[in-house]
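Engineer: Here you go, sequence then predicted model.
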Amino acid sequence: MADHLDSSTKLTSPNGDPKADITDIYIFQKPGDSDKSILILNVNPLAPSLADEFQHGAKYDMLIDTNGDARADIGYRVTFSRKNAGKQFAKVVRTTREPGDDTEHDNENHETIFEHAPVSFGQNAMVTGDSDDAYRFFAGFRSDPFFFDLLAFLGPPPLNFHNPGSDFFIDKNVFGIVLEVPNKRGLGENSKIGYWARTLTRKNGEPAHLVHDDQMGRPAINTVFNHGTDKDLFNVTPPDKQASTVTSTSMTFLQNFINTLKAISSPAYTTAQATGIANILLPDILTYDYSSSAGFLNGRKLTDDVIDAELSLVTNGFIKKDFVDAHTDYLSTFPYLGNPH
C-alpha cells in the first residue's frame, strides 16, 4: 500500500492513531489553470470504521522545500476543532522559515488563510474559498483514491500479481485535506520544489508537547524498504536526516535501501546502480515543478499509477504491473477526491 497503516506492528496506524495516519499525498498543477497547484493530504485508512473525525489537538502539515535542502521553507498547517453535534471546523495557517534559520520548521512565521472552515462528513463537499479567490480548501470524508492489489502484495513469497488484479481500495474511504494554492505566492518563486507531509500529535500525559506521528513523501517507500521498528523511526526522521540515520540493523537507511534494491531486483542491480536509485529515493520527498502539468515523478496526480512505476523500478523490470487501474470516481473539479462510499 502507499502509506496506510505503516507502523512497526503490522497493519496498524503509527502510535495506534488512525486519525493522524497518513495514507497518501498528492501535488499537481490545477487542471485548466497553470497558475495554481493542488495539494492533498489523506489520513485515516478504512474510514470511518477506525475513526470518524480529524483529531482535535493534532497538527496536519503540508511542507514545501523551495531550495533543495530537504528542509521545509513553507508549510500549510491544518488544525481542527473538537467535533461537536456532528460538526467540526478547520484552521489553515501558512508558515514560513526565515533564511538561515537552522531550527526545524515549526510555525515560525504564520499567516492565517482560513479560520473556521467546515469539515464535510456527508456526500456533499463543503468548499471554503478566500476573498480574492487565491486559496480554496476542503476537509472531510472522501473515497480513497489509491489503487493497488494489496492482498497479492501481502501474500506468501515470491511476490506474484495476477491479471486481472483485485483492487483492495476500490470501496474504501479516507479523510481528505485538499488545498488549492497560487503557485508563486503559495509555493515560492522557484517552480521546482519538494513536497511531503507529516502529522504531529499530543504526547500522552503532556498535552502541550507535540510529537511526530507519521510522515510521507513518495508512495510506498516506508512500506517496501523498512521493516519492524525501522518503520516507526522513518516516520519521525526529518527528510534531511533520513539517509544518514542509523537503523536497528546498525546501518543507515541509505545502506538498507541499497541492500533491499539489490536483493529484490532481477537481474540484480549492481551496488553502483542501487546506490544511484537509493540516492534518488532519499530524502523521501515528492519532487514537483509547478510549471509542468506532467505527473509522477513530477508531483503525483490522483490517476498516476505510481505502484506500476515503482514496482518496475525497484525490481529492475522483473515485476512491471499489479494489474489494477485508476478509480473512476475522481471529480473533475475541486476537491477532486471522489464522493465517499
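Structural biologist: Here it is on my side, so go on.
Engineer: Show me where the stretch 201-341 of the chain has its strands.
Structural biologist: Secondary structure of the stretch 201-341 of the chain (DSSP state E, counting those that start in this stretch): strands at 206-216, 286-289.
Engineer: out of these, deepest packed?
Structural biologist: strand 286-289 (a mean of 20; mean count of other C-beta atoms under 10 Å). C-beta here means a position set from N, CA and C on the backbone, and glycine is covered the same way.
Engineer: What strands line up against that one, and which way round?
Structural biologist: strand 192-203 (antiparallel) (DSSP bridges).
Engineer: Counting neighbours, which bits of the strand it pairs with end up buried?
Structural biologist: By neighbour count on 16 or more other C-beta atoms under 10 Å, the buried set for strand 192-203 is Lys192, Ile193, Gly194, Tyr195, Trp196, Ala197, Arg198, Thr199, Leu200, Thr201, Arg202.
Engineer: Lowest average confidence across the strands of the stretch 201-341 of the chain, which one?
Structural biologist: Mean pLDDT is lowest for strand 206-216 among the strands of the stretch 201-341 of the chain, at a mean of 85.
Engineer: Compute the inter-axis angle for the worst-scoring helix or strand of the chain on mean pLDDT and strand 192-203.
Structural biologist: Ranking every helix and strand in the chain by mean pLDDT, DSSP states H and E puts strand 206-216 at the bottom, with a mean of 85. In terms of direction (axes from the mean of the first three to the mean of the last three C-alpha atoms, to 10 degrees), strand 206-216 departs from strand 192-203 by 140 degrees.
Engineer: For strand 206-216, which helices and strands make contact with it?
Structural biologist: Packed against strand 206-216 by the contact rule (3 or more C-beta pairs under 8 Å, 6 or more residues apart in numbering; DSSP states H and E) you find strand 22-29, strand 192-203, helix 229-235.
Engineer: And the contacts of that strand?
Structural biologist: Outside strand 206-216, the residues that touch it by C-beta atoms under 8 Å, 6 or more residues apart in numbering are 2-3, 6, 13-15, 17, 20-22, 24-25, 57-59, 196-203, 222, 234-237, 284.
Engineer: Out of those, which end up buried?
Structural biologist: Here, 16+ other C-beta under 10 Å leaves 2-3, 6, 13-15, 17, 20-22, 24-25, 58-59, 196-202, 222, 234-237, 284 buried among the contacts of strand 206-216.
Engineer: Run through the stretch 151-300 of the chain and note the low-pLDDT ranges.
Structural biologist: 205-207 (pLDDT under 70).
Engineer: My error: substitute the stretch 1-150 of the chain in the last question.
Structural biologist: Filtered on pLDDT under 70, the stretch 1-150 of the chain yields the residue ranges 1, 98-108.
Engineer: in the protein, what residue sits furthest out from the centroid?
Structural biologist: Pro267 (30.5 Å; C-alpha atoms, centre = their mean).
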